[in-house]
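> Give me coordinates for this.
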Amino acid sequence: MINIDRKFLRGGLAGIVAVTVAGPTAVLADSFKPSWFESGMADKASGLPEIFLEFSSTAPDKFPPLPEGVAHPQFADFQTGAGDPRLSHAVVVEVKDKVPTRLFIDANADGEFSPEEVFNWTPSTVERGNGEKSIAYLCRMKLKLNSAGKMGVVNFRYLRRGAFPQSLDEPLLGCRSDYGFVGELTIGNRTLPAALVDSAASANYLLTTNPAFLPQLWLAVTTNGLRGRSVMTPVNRTFPLEHFVWAITNLTPDGAFDVVAVATNADASANGMSAHLNVPPPDLIPGQTAPSFTAKLMDGKSVNFPDDYKGKLVLMDFGATWCGPCVAELPNVVANYGKYHNQGLEVLSISLDKEDSAKKIARVLADQNMTWPQIYDGKNLESPIAKRFGIHSIPSMLLVDGDTGVILADGKELRGEQLGVAIAAALAGKKK
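Predicted coordinates for the structure are as follows:
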């Protein structure tokens, strides 16, 4: 049994947490000492998510007047802050011959476009695993994030229609926050580099319109078999560390929060609390054995993993049609499946789409010529399989030996041109 007594220091994100476990008391002082970084989050925390804004060829109501001479504009609205109303940043992309030429964004949210709010795109060549090349257009800018005047940099990426699989319907504008709170978090007897990541690029850490883009706590830890890797934990999940299960609490729209112990690892396991507490399993890495499971496929059949894949090499692909980077990687997966399937490669996709997405998934499967099995239960990132594998963000891939269930490769080893290299090496290893 654990009793928690908390005294929170005001004027920041610092806190004092007192945890009593069967009598003795341990005080965890100065639990978080943050600094606000207007930019540079990508250099401090890995795996930052990207959201997408949809364009319209018609300007929304109360949109600022366009500067003169803007040809073929596309309109979007980017909102930030926790106030009511929120700050509205009008966005206009000028498109000529399917190429974006200028980006207009009301960076200070004053309802008009100034000369300082006209930006040029930086083209970047993106090469897929199958050798095909596309052009992505990038731009980064500092925005006024809330009514108090807090500033932060957002990275924008324009995906023109047809240039990427995820932009088959309409052009999209990718947005990734490069700002946030960065500091050190004292948990138990350890002080770890930490950051609070604004996954939704909304400057409102309580905004939950899309559960896939909850704020996340980034920790640079070396426990739980992570080999020095970082961990990204959604703020609604507990996490095990230093023999305790911890929870994020008292989160505010401005990003203040506290961390408290809610159970010991032993108590959580003995009392069957793991499922109740939503404790994620340790991140699975090469050398560990992937959990087994049985699931229903979209075609109505069942799959038993890994028993159905004896003698095979399995690429497990966790993704979703709403996830731009996931869909952008599909041609690479398709190309490698075509190249190595006859040599023993199988692909098993686990779709983390929302409910009522079956028709959209089917269209993507047909467009991308994805002929391998698909699992879809409509539960998004709350899918039981995703939870069992500790999947907190997507895209996420695992390369698994079907005979042993041992994970052979993961992460960046399975992205881009590295995917084919990893598959070839694993197949060669199975032949020895």
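> Does anything pack onto the helix or strand Lys142 falls within? Which helices or strands?
For Lys142, the element it lies in under DSSP states H and E is strand 133-144. Contact partners of strand 133-144 among helices and strands, from 3 or more C-beta pairs under 8 Å, 6 or more residues apart in numbering; DSSP states H and E: strand 99-105, strand 118-120, strand 122-127, strand 151-159. Placement of C-beta: from N, CA and C, glycine included.
> now the angle between strand 151-159 and the helix or strand that contains Glu184, please.
In this assignment (DSSP H and E), Glu184 forms part of strand 180-187. If you take axes from the mean of the first three to the mean of the last three C-alpha atoms, to 10 degrees, strand 180-187 sits at 110 degrees to strand 151-159.
> Send me strand 180-187 as PDB with only the CA atoms.
The C-alpha coordinates for strand 180-187 follow below in PDB (Å, rounded to 0.1, in the frame of the first residue of the first chain):
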ATOM      1  CA  GLY A 180       8.600  22.900 -25.500                       C
ATOM      2  CA  PHE A 181       9.700  22.500 -21.900                       C
ATOM      3  CA  VAL A 182      13.100  20.900 -21.400                       C
ATOM      4  CA  GLY A 183      14.900  20.100 -18.200                       C
ATOM      5  CA  GLU A 184      15.600  17.400 -15.700                       C
ATOM      6  CA  LEU A 185      13.100  15.200 -13.800                       C
ATOM      7  CA  THR A 186      14.000  13.500 -10.600                       C
ATOM      8  CA  ILE A 187      12.300  10.100 -10.300                       C
END
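> List the buried residues of that strand.
Gly180, Phe181, Val182, Gly183, Glu184, Leu185, Thr186, Ile187 (16 or more other C-beta atoms under 10 Å).
> Of those residues, which is the nearest to Asp110?
Asp110 lies nearest to Gly180 out of the buried residues of strand 180-187, by C-beta to C-beta, at 24.4 Å.
> on that earlier part again, can you give the distance of the strand holding Glu184 from its chain's centre?
19 Å (C-alpha atoms, centre = their mean, to the nearest Å).
> What is the burial count for Asp307?
Neighbours of Asp307 under the rule other C-beta atoms under 10 Å: 11.
> for Val154, same thing?
Counted with other C-beta under 10 Å, the neighbours of Val154 add up to 24.
> Assess the claim that it and Cys175 are in contact.
Yes. Shown here, Val154 and Cys175 form a contact pair, counting by C-beta atoms under 8 Å, at 5.7 Å.
> Could you point out which residue ranges in the chain have low pLDDT?
For the chain, the stretches with pLDDT under 70 are 1-33, 44-47, 126-134, 160-171, 208-212, 221-230, 242, 264-284, 392, 432.
> Can you give me the buried ones in the top helix by length along it?
Across the chain, the longest stretch assigned as helix under DSSP state H is helix 324-340. Buried residues in helix 324-340, defined by neighbour count with 16+ other C-beta under 10 Å: 324-337, 340.
> Which strands or helices does that helix pack on?
On a contact count with 3+ C-beta pairs under 8 Å, 6+ apart, helix 324-340 meets strand 313-319, strand 345-351, helix 358-368, helix 417-431.
> Any chance of the ones you listed in a markdown table with mean neighbour count and distance to Leu66 as columns?
Output for the helices and strands packed on helix 324-340, formatted as a markdown table (neighbours: other C-beta atoms under 10 Å; distance: least, C-beta to C-beta, whole Å):
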| stretch | mean neighbour count | distance to Leu66 |
| --- | --- | --- |
| strand 313-319 | 24 | 37 |
| strand 345-351 | 22 | 39 |
| helix 358-368 | 15 | 33 |
| helix 417-431 | 16 | 41 |
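> can you redo the ones you listed as TSV with distance to Pro240?
Converted to TSV, these look like this (distance: least, C-beta to C-beta, whole Å):
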stretch	distance to Pro240
strand 313-319	21
strand 345-351	24
helix 358-368	33
helix 417-431	29
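> out of the ones you listed, nearest to Asp97?
Between Asp97 and the helices and strands packed on helix 324-340, the tightest spacing by C-beta to C-beta is seen for helix 358-368, at 24.2 Å.
> Name the next helix or strand following the closest one along the chain.
Past helix 358-368, the next helix or strand by DSSP H and E is strand 374-376.
> care to break this structure down by domain?
2-36+179-277, 51-177, 293-431 (automatic domain parsing).
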